[in-house]
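1. structural data only, the sequence is not supplied:
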Ligand code: NDP
Ligand code: 2IT
């Protein structure tokens, strides 16, 4: 395999799809050695078959706003790879959504889902719809129109969407209602459902909890823990909320949150009712974090800045892709940060990751560290299939065990000669091997 040639060819086919090309390059560079050591992969042309999605659906989503105007957005579903199970992955509603972003997310999801140990393939979807400032009625009408197109392509054994940026419990409810009406079936076709109608306990918290469990495992390899550590978190959405809760439980102190407008620094720590306030802030549909600094006098707001300039022991980027760049990485390193663990998908740029590796820091890549969300979606699917409902402790224990297993898999494949663990390499190889071997078993189709 020659990574540069593959990426150049891919770029010719898909010019300008920068996020997708970035995600593919990272995986190929990590697995190059294993791939070349196993000629049967090349003989089956696994790479060409893996880097293109199985299929991509794009559709128009017309809806009527509160003023009676007819709006039109673009909708997408990408079914990337189903070698190990039904396509599975979230829906993102954000104005920045385009094919490149959804293809990067769908590609990452293949390996992430493989790492969870559960039978789920990779997919992703969404829309350039902007939920900011929309009423509940507008969100409902948009979701219903979106599902009117999507329903025929998905199913509990075919493709199971869930939430991502801009899609939480409310949106999943509206989407599920329309699916059920069209399909006339009460099946677990979406995950992240409400607790009264087939949802799983812990799913809302799962990505953030899982990220902190993963960081806890990484810290333990150095004899460290969250106890007494200061932590920078970015974002203030679903993932950030779960992470902040769990850091507090484990004795750490979270001192930042961020939004597209900048970040808040709260040296007193974000705990107790401040965590509940995050939900209020998110539900306000305003998409800015600044109001936190009006609500809590202890906090200061830094407009247009990244939280990574604050001196912390641990950094958990939980907002969006490429939100932590080389300069941010230098700031963290100069401030003696020991661990960076990705709650979001691909939040650190390749240059930032290079620096973390050169400085032998603990670095947990998103496809391993944020797999707790989709893993708990998998547990929701199991409960739906069995028509059972597990208690909080049971789900949390399973999530914890899955995160520990993912950490083990990363150690197995990521340990380098000097004993440093390259978790990027570990996660990519472990995720890849299971998918590639399944593709080999199932022939060419
Ligand atoms: P939410 O919509 O709940 O929150 C996203 C947060 O990131 C918001 O605070 C959002 O603010 C902020 N954000 C979005 N774009 C930017 C930007 N360009 N600059 C700074 N902040 C930004 O989404 P989630 O918490 O669910 O998702 C966060 C990340 O975690 C994403 O990368 C997602 O793919 C990933 N993830 C989510 C999982 C899940 O189960 N939900 C599972 C695994 C990963 P705003 O809305 O104002 O833009
Ligand atoms: O990026 C992700 O893993 C998610 N948004 C969750 C996907 C899911 O199917 O639960």
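-> Nice, I can see it. Treat the numbers as computed from the prediction; the structure is a model and nothing was measured. Ligands and ions are numbered 1, 2, ... in the order given.

2. any buried residues in stretch 119-139, and which?
-> 119-129, 131, 134, 138-139 (16 or more other C-beta atoms under 10 Å). The way it works is simple: take the backbone N, C-alpha and C, and place the C-beta from them, glycine included.

3. out of those, who's near ligand 1?
-> Among these, not one lies near ligand 1 by C-beta under 6 Å from any ligand atom.

4. which ones among those residues map onto strands?
-> Of the buried residues of stretch 119-139, the ones assigned to strands by DSSP state E are 121, 122, 123, 124, 125, 126, 127.

5. correct me, but the last one touches residue 73?
-> So that's residue 127. Yes. With contact defined as C-beta atoms under 8 Å, residue 127 reaches residue 73; the gap is 5.1 Å.

6. which residues do these two both contact?
-> 61, 142 (C-beta atoms under 8 Å, 6 or more residues apart in numbering).

7. count of neighbours near the residue of the stretch 201-350 of the chain found nearest ligand 1?
-> When scored by C-beta to the nearest ligand atom, the stretch 201-350 of the chain has residue 237 as its residue closest to ligand 1, at 1.9 Å. Using other C-beta atoms under 10 Å, residue 237 has 26 neighbouring residues.

8. do the one 5 residues further on as well
-> Other residues near residue 242 number 26, with proximity taken as other C-beta under 10 Å.

9. ok, now the one 10 residues further on?
-> Residue 252 has 26 neighbouring residues, counting by other C-beta under 10 Å.

10. in contact with it, which residues?
-> 226, 227, 228, 229, 230, 231, 314.

11. save those residues as TSV, and put in neighbour count and pLDDT too.
-> Converted to TSV, those look like this (neighbours: other C-beta atoms under 10 Å; pLDDT from 0 to 100):
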residue	neighbour count	pLDDT
226	21	98
227	9	98
228	9	98
229	20	98
230	18	98
231	28	98
314	25	98
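
12. can those go into a markdown table with extra columns for distance to residue 413 and secondary structure?
-> Converted to a markdown table, those look like this (distance: C-beta to C-beta, whole Å; DSSP: H, G, I helix; E, B strand; the rest coil):
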| residue | distance to residue 413 | secondary structure |
| --- | --- | --- |
| 226 | 26 | coil |
| 227 | 29 | coil |
| 228 | 32 | coil |
| 229 | 27 | coil |
| 230 | 31 | strand |
| 231 | 27 | strand |
| 314 | 24 | strand |
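
13. can I get those in CSV including distance to ligand 1?
-> Converted to CSV, those look like this (distance: C-beta to the nearest ligand atom, whole Å):
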residue, distance to ligand 1
226, 20
227, 26
228, 26
229, 22
230, 21
231, 16
314, 17
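
14. on that earlier part again, quick one: contacts for the nearest residue to the residue of the stretch 201-350 of the chain closest to ligand 1 once chain neighbours are set aside?
-> Excluding its sequence neighbours, the residue lying closest to residue 237 (C-beta to C-beta, 6 or more residues apart in numbering) is residue 282, at 5.8 Å. Counting by C-beta under 8 Å, 6+ apart, residue 282 touches 168, 236, 237, 238, 241.

15. what is the most widely separated pair among those?
-> For these, the maximum inter-member distance is 12.8 Å, found between 168 and 236 (C-beta to C-beta).

16. who has more neighbours, those two?
-> Set residue 168 next to residue 236 and count neighbours by other C-beta under 10 Å: residue 236 wins out with 27 against 19.

17. give me the residue from the stretch 251-400 of the chain nearest ligand 2.
-> Proximity of the stretch 251-400 of the chain to ligand 2 (C-beta to the nearest ligand atom) peaks at residue 377, 3.3 Å away.

18. dump the residue contacts of that residue.
-> 88, 120, 160, 162, 191, 192, 200, 203, 206.

19. and it, what element?
-> Taking DSSP states H and E as the criterion, residue 377 maps to helix 371-386.

20. now do that helix: distance to the chain's middle.
-> Its chain's C-alpha centre and that of helix 371-386 lie 15 Å apart, by C-alpha atoms, centre = their mean, to the nearest Å.

21. name the residues of the stretch 251-400 of the chain found near ligand 1, please.
-> Residues of the stretch 251-400 of the chain lying near ligand 1 (C-beta under 6 Å from any ligand atom): 259, 260, 287, 318, 319, 320, 323, 343, 344, 345, 370, 373.

22. so of these, which ones are in helices?
-> residue 373 (DSSP state H).

23. quick check, nearest of the residues of the stretch 251-400 of the chain next to ligand 1 to residue 43?
-> Out of those, the member with the shortest distance to residue 43 (by C-beta to C-beta) is residue 345, at 31.9 Å.

24. I figured the closest one hits residue 370, correct?
-> Yes. Assessed by C-beta under 8 Å, residue 345 is found in contact with residue 370 at 6.7 Å.

25. ok, residue 161 to residue 43 distance?
-> 35 Å (C-beta to C-beta, to the nearest Å).

26. which one of these two has more residues nearby?
-> More crowded of residue 161 and residue 43, by other C-beta under 10 Å: residue 161, with 29 against 9.

27. surely that one and residue 90 touch.
-> Yes. If you go by C-beta under 8 Å, residue 161 and residue 90 touch, sitting 6.7 Å apart.

28. re the thing from before, I figured the residue of the stretch 201-350 of the chain closest to ligand 1 hits residue 320, correct?
-> No. Residue 237 is beyond contact range of residue 320, at 9.3 Å (criterion: C-beta under 8 Å).
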